[in-house]
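Asks: pasting the structure only:
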């Protein structure tokens, strides 16, 4: 499962953040995932408990926000929503577009508990 290796890499990032800030526990992790990122959100959610087992983030709330695709048109310069299999301009219908968002996976935030 590709998503398990993604979760393991994500866990390394989260642990590095926690270590930098002398955290004793990670309480919440928020991700933003686009449909063109190559990651399936549902599989990511399923793989997280296996990846986090025994770590500082084992009990963290794991939230994944699915975001849409936005393209910019080369012809009319409009930014419009698009579908994964139809990256055309929603304003003029031109096919010469570039992806503005929807191809990313972003670690949006990490909430930590520190020792008092």
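Replies: Thanks, I have the structure now. Please read all numbers here as calculations on a predicted model, not as lab measurements.
Asks: Show the contacting residues for residue 66.
Replies: Residues counted as contacts of residue 66 (Cβ atoms under 8 Å, 6 or more residues apart in numbering) are 33, 34, 35, 41. Every C-beta, even on glycine, is put in place using the N, C-alpha and C of the backbone.
Asks: In those residues, find the pair that's most separated.
Replies: 34 and 41 (9.7 Å; Cβ to Cβ).
Asks: what about residue 96, how many neighbours?
Replies: Residues lying near residue 96 (other Cβ atoms under 10 Å) number 13.
Asks: Counting only helices, which of the contacts of residue 66 make the cut?
Replies: Those of the contacts of residue 66 mapping onto helices are residue 41, per DSSP state H.
Asks: Can you lay out the contacts of residue 66 as JSON lines showing pLDDT and distance to residue 9?
Replies: Supplementary listing: the contacts of residue 66 in JSON lines, determined by pLDDT from 0 to 100; distance: Cβ to Cβ, whole Å:
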{"residue": "33", "pLDDT": "97", "distance to residue 9": "14"}
{"residue": "34", "pLDDT": "97", "distance to residue 9": "17"}
{"residue": "35", "pLDDT": "97", "distance to residue 9": "20"}
{"residue": "41", "pLDDT": "95", "distance to residue 9": "16"}
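Asks: So for residue 34 and residue 41, which sits in the more crowded spot?
Replies: Neighbours around residue 34 and residue 41, counted as other Cβ under 10 Å, are more numerous at residue 34. The numbers are 22 against 18.
Asks: Make sure the more buried one is actually in contact with residue 103.
Replies: Yes - taking Cβ atoms under 8 Å as the contact criterion, residue 34 and residue 103 are neighbours in contact, 5.3 Å apart.
Asks: Give me the common contacts of these two.
Replies: Shared contacts of residue 34 and residue 103 (Cβ under 8 Å, 6+ apart): residue 69.
Asks: Looking at the contacts of residue 66, which is nearest residue 98?
Replies: The shortest approach to residue 98 among those belongs to residue 34, at 14.1 Å (Cβ to Cβ).
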